[in-house]
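> attaching a predicted model along with its sequence, questions to come.
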Amino acid sequence: MTNAIIFGSKGQDGHYLAKLLQQQPVNVIGIHKVLSSSDIDITSYPSVRDLIKNQQPDFVFHLAANSTTKHETIFENHEIIATGTLNILEAVKNFSPRTKVFISGSGLQFKNNGHPIKETAEFEARDAYSVSRIHSVYAARYYRSLGIKTYIGYFFNHDSPRRTERHIAKKIAEAAKRISKGSPEKIEIGDAGVIKEWTFAGDVVKGVWTLVTQDNLFEANIGSGIGYSIDDWIKACFSIIKKKPEEHIQVKKGFRPEYQQLVCDPALINSLGWKPTVSFEQLAEMMMKE
């Protein structure tokens, strides 16, 4: 039977990927504790080495991260994302070289000129999170040159009911649900004109699986390529509860967004036959129900 290890199995993407693989069927070994006293710690090479040596997995997926650009997480994310990548790749090279390795990348690590971003775009270390992501991509490319099949999927904004309220889609959806029940609260928004993708995480992991089950393409954006503004999301959520959003939105004074638009060019992953199936409106309905 096919075996797969997922680092970050309890996060949004790990959850949906595990569900998808179990339907294949693939035996999933989920690793969700990082920077802890867990027996399996992605930041520890001996720990990762022993796991991969003993399991001889067909696939390893590195999805673990603290998905924030805050500078305060620079050491945490360096250990999890960058050092974790090196630990996985070195262990695979030495003890399970037939294993395919998937490393998650981010649209945030590219230079953003406001146009749809291609995989060939220049990298830019614009925040602490991007530093670790860029490091992990170069590590993956190096090990690919040594014969290890390493794949990079660049993720753009994607959501699901499993998001926490520190993510804007979930923050707005949960507040709208409370407002529908009589809450007088106001939702504080920085810049409602910012445009991003709103792809369903369950679709994104199908793109990951599409990528790693072929051997011709090793780096691809995995996103819809379709942009909607935060204001569009607010209107979609409030349309469901049949209330006017203007009465419940408060603009954060002096707020400066990290970008005005973050949208990918998904032509490469589309060429493999993958496209998202859940629409923007369907995602809003999903997150407002759960």
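Okay, I see it.

> give me the distance between the nearest residue to residue 112 once chain neighbours are set aside and residue 129.
For residue 112, ignoring the flanking residues on the chain, the nearest one in space by CB to CB, 6 or more residues apart in numbering is residue 259 at 5.2 Å. (C-beta placed from N, C-alpha, C; glycine too.) Using CB to CB, to the nearest Å, one obtains 13 Å as the distance from residue 259 to residue 129.

> neighbour-wise, which of these two wins?
residue 129 (24 against 16; other CB atoms under 10 Å).

> all strands of the stretch 1-150 of the chain, in order?
Using DSSP state E, counting those that start in this stretch, the strands of the stretch 1-150 of the chain run over 3-7, 27-31, 59-62, 100-106, 150-155.

> out of those strands, the one nearest residue 241 is which?
strand 150-155 (29.3 Å; CB to CB).

> give the contact list for residue 143.
89, 90, 92, 93, 101, 150 (CB atoms under 8 Å, 6 or more residues apart in numbering).

> equivalent analysis for residue 92, please.
Counting by CB under 8 Å, 6+ apart, residue 92 touches 52, 60, 99, 101, 143, 148.

> can I get the residues you listed in CSV including distance to residue 32 and pLDDT?
Below are those laid out as CSV (distance: CB to CB, whole Å; pLDDT from 0 to 100):
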residue, distance to residue 32, pLDDT
52, 17, 97
60, 14, 98
99, 20, 98
101, 18, 98
143, 24, 98
148, 24, 98
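
> mind listing the helices in this protein by residue range?
Assignment of helices within the chain using DSSP state H yields the ranges 12-22, 45-55, 74-77, 84-95, 128-145, 168-180, 201-212, 230-241, 267-271, 280-289.

> find the nearest non-adjacent residue to residue 1, please.
Closest to residue 1 by CB to CB, 6+ apart is residue 27, at 5.3 Å.

> what's around that neighbour, how many residues?
Neighbour number of residue 27 under other CB under 10 Å is 15.

> got it, and residue 271?
Residue neighbour count, defined by other CB under 10 Å, stands at 11 for residue 271.

> residue 76 now?
By other CB under 10 Å, 18 other residues sit near residue 76.

> so it touches residue 66, yeah?
Yes: here residue 76 reaches residue 66: they are 5.6 Å apart, a contact under CB atoms under 8 Å.

> and the furthest pair within the contacts of residue 143?
Most distant of the contacts of residue 143, by CB to CB, are 90 and 150, 11.9 Å apart.

> so which of the contacts of residue 92 comes closest to residue 267?
For residue 267, the nearest member of the contacts of residue 92 is residue 101. The distance, counting by CB to CB, is 24.0 Å.

> quick one, what contacts the closest one?
Shown in contact with residue 101 (CB under 8 Å, 6+ apart): 59, 60, 62, 88, 89, 92, 140, 143, 148, 149, 150, 151.

> repeat that for residue 78.
Residue 78 makes contacts with 131, 132, 135, as judged by CB under 8 Å, 6+ apart.

> most surrounded residue in those residues?
In terms of neighbour count, residue 132 stands highest of the contacts of residue 78 at 28 neighbours, by other CB under 10 Å.

> can you pull the pLDDT of the residue nearest the centre of the chain?
Closest to where the C-alpha atoms of the chain average out (CA atoms, centre = their mean) is residue 155, at 5.0 Å. If you check residue 155, the pLDDT there is 98.

> that one bridge partners, please.
residue 106, residue 222 (DSSP bridges).

> what of the one 4 residues further on?
When assigned by DSSP bridges, residue 159 has beta-bridge partners residue 200.

> that one and residue 274: what is the separation?
Distance from residue 159 to residue 274, by CB to CB: 18 Å.

> and stretch 165-181, how far from the chain's centre?
20 Å (CA atoms, centre = their mean, to the nearest Å).

> what mean pLDDT does it get?
Stretch 165-181 comes out at a mean pLDDT of 96.

> for stretch 190-200, same thing?
Average pLDDT, stretch 190-200: 97.

> distance from it to the middle of the chain?
Centroid separation for stretch 190-200 versus its chain: 15 Å, with CA atoms, centre = their mean.

> number of nearby residues for the residue lying closest to residue 93 once chain neighbours are set aside?
Distances taken as CB to CB, 6+ apart place residue 148 nearest to residue 93, at 5.6 Å, with adjacent residues excluded. Using other CB under 10 Å as the criterion, residue 148 is surrounded by 20 other residues.

> thanks a lot, catch you later.
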